[in-house]
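**Student:** build the 3D model from these lines:
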Amino acid sequence: MPKPQENKTRKESETSAQEQSVRLVLIGTSGDSIFGRKTAERLQYQFSREGIRNVLHDPEQALSHFDGITIFVRADAVLDPPLIRALREHPGLVLLADNRDVPLAVVSPPGKEDAALSLLEAETAETARERARSEGFIVRRPGELGVNFWKALRKREAPYALILSPEKKGDVEWRVFMGTYKGATDFVTKRLWPIPAFYVTRWLAEKTPVTPNMVTTLSALLVIIAFFLFWNGHYASGLLAAWLMTFLDTVDGKLARTTLTSSHWGNIFDHGIDLVHPPFWYWAWAMGLDDYGLPLPQQTLYLALAVIIGGYVLQRIIEGVAIAWLGMEIHIWRPIDTFFREITARRNPNLVILTFFAFMQRPDLGLLAVAWWTGICLVLHGIQIIQALIEKRRKGELVSWMAREAGNV
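**Tutor:** Numbering: from 1, shown residues only. Got it, this is the predicted structure:
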């Protein structure tokens, strides 16, 4: 029986062999950058994360004998991360750009490097198709590669393959930015924050040395500030701190993904704060009612807090059960579940309720409204998970509606 160290050595050898069997060739030059990185640098970094570190910048060197796959990519290309792996897995592929009718990348099997380079130089997609037919290549657009469902980001979306030029920089950056959004999230994050978050993210990436973890640290500080302001009945200033925190909670993730600086620790730091702080805000809001001059009867206050905090915890448990037992987040099972995620009793929708009643100078009613909404959502989540478990038992497997409509199943 092989020892663990032998297995590790074997896996490392297999990985090394795979890396050596694929090389990247960047064609042309590009001085343009998006979110603080030049396109050639972005491409090289993206491919290296997929284990492709053999990079050539001279196409003549790529014409020499090579036993593996050669991926030719324009140096001014901007590629969505799922396409990096798709290119590796599709020898003989000619990938067309979304924003120009020309090839953007070509994947050459061994011995076809001359033909691949010729295909990449085709001036139109039609010319590329004619050459591809005679050379045994296939021409595809990004949406035709079967990678339109992103389980990690809970969304259905065709990946982008763009060519960057000075006049198209704004459009390309906006597409890259929007590509970092999750498909199932709350309506504030999804519909209100994108435009301001885009400009702040771009400014931070291009004009400052600020990192995503620095933004997350500021978010954590605002969590504490909002807590103490709520505790002392300063609801207006507390809501200002809370809403700024939720905005920065959007910015830090977008900054990490657009600048390709996502990290395991950053992900834990960000999501850990998101998971822990909401119950403390609700508790502080309840305690601040005395100072504000609108105390609730003790029994009503404790019952409201029990429903809000208990409901929050139970909803999170239900989400964990769905992942563990169903193999899928409950929010992406059916379209109604994805819509429900936009308004369910999580932090941002609850903040909208609290803000409305604070504006009406009735923060006490805001707390009660959040309690009622949390209770209703908890019941609906319970119905969701029961329906899902019955369906899984009947069919054996659940499939997200996003995967079905994206053609991935």
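
**Student:** ok, and for the helix ranked longest in the chain, which residues are buried?
**Tutor:** Counting by DSSP state H, the longest helix found in the chain is helix 363-395. Buried residues in helix 363-395, defined by neighbour count with 16 or more other Cβ atoms under 10 Å: 363-371, 373-375, 377-378, 381, 384-385, 388, 392. Placement of C-beta: from N, CA and C, glycine included.

**Student:** what's the answer for stretch 178-197, then?
**Tutor:** If you call a residue buried by 16+ other Cβ under 10 Å, then stretch 178-197 has these buried ones: 179-186, 188-190, 192-193, 197.

**Student:** list the contacts of that stretch.
**Tutor:** Contacts of stretch 178-197 with the rest of the structure, by Cβ atoms under 8 Å, 6 or more residues apart in numbering, involve 80, 150, 153-157, 159-160, 177, 246-247, 250-251, 253-254, 257-258, 329, 331-332, 337-338, 341-344, 346-349, 351-352, 402.

**Student:** and those, which are buried?
**Tutor:** Buried among the contacts of stretch 178-197 by 16+ other Cβ under 10 Å: 80, 150, 153-157, 159-160, 177, 246-247, 250-251, 253-254, 257-258, 329, 331-332, 337-338, 341-342, 344, 346-349, 351-352, 402.

**Student:** I figured Thr374 hits Leu305, correct?
**Tutor:** No. The criterion here is Cβ atoms under 8 Å, and Thr374 misses it with Leu305 at 10.5 Å.

**Student:** mind listing the strands for the chain?
**Tutor:** Applying DSSP state E to the chain gives strands spanning 22-27, 33-34, 37-38, 55-56, 69-74, 77-79, 93-96, 103-108, 138-140, 149-150, 155-156, 161-163.

**Student:** out of those, nearest to His234?
**Tutor:** Judged by Cβ to Cβ, the one of these that comes nearest to His234 is strand 155-156, at 37.9 Å.

**Student:** just the helices in the stretch 251-400 of the chain please.
**Tutor:** Under the criterion DSSP state H, counting those that start in this stretch, helices of the stretch 251-400 of the chain are mapped to 264-287, 289-292, 298-321, 335-343, 347-359, 363-395.

**Student:** can I get those in TSV with distance to Phe72 and mean pLDDT?
**Tutor:** Listed next are these as TSV, based on distance: least, Cβ to Cβ, whole Å; pLDDT from 0 to 100:
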stretch	distance to Phe72	mean pLDDT
helix 264-287	32	91
helix 289-292	65	95
helix 298-321	43	95
helix 335-343	38	95
helix 347-359	44	98
helix 363-395	43	95
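
**Student:** out of these, flag the one nearest Gly68.
**Tutor:** Nearest to Gly68, of those and by Cβ to Cβ, is helix 264-287 at 29.7 Å.

**Student:** run through who's touching the closest one.
**Tutor:** Contacts of helix 264-287 (Cβ under 8 Å, 6+ apart): 212-213, 216, 219-220, 223, 226-228, 230-231, 235, 238, 242, 249, 252-253, 256, 296, 301, 304-305, 308-309, 312-313, 316, 346-347, 350, 354, 363, 366-367, 370.

**Student:** and those residues, which are buried?
**Tutor:** Buried among the contacts of helix 264-287 (16+ other Cβ under 10 Å): 212-213, 216, 219-220, 223, 226-227, 230-231, 235, 238, 242, 249, 252-253, 256, 296, 301, 304-305, 308-309, 312, 346-347, 350, 354, 363, 366-367, 370.
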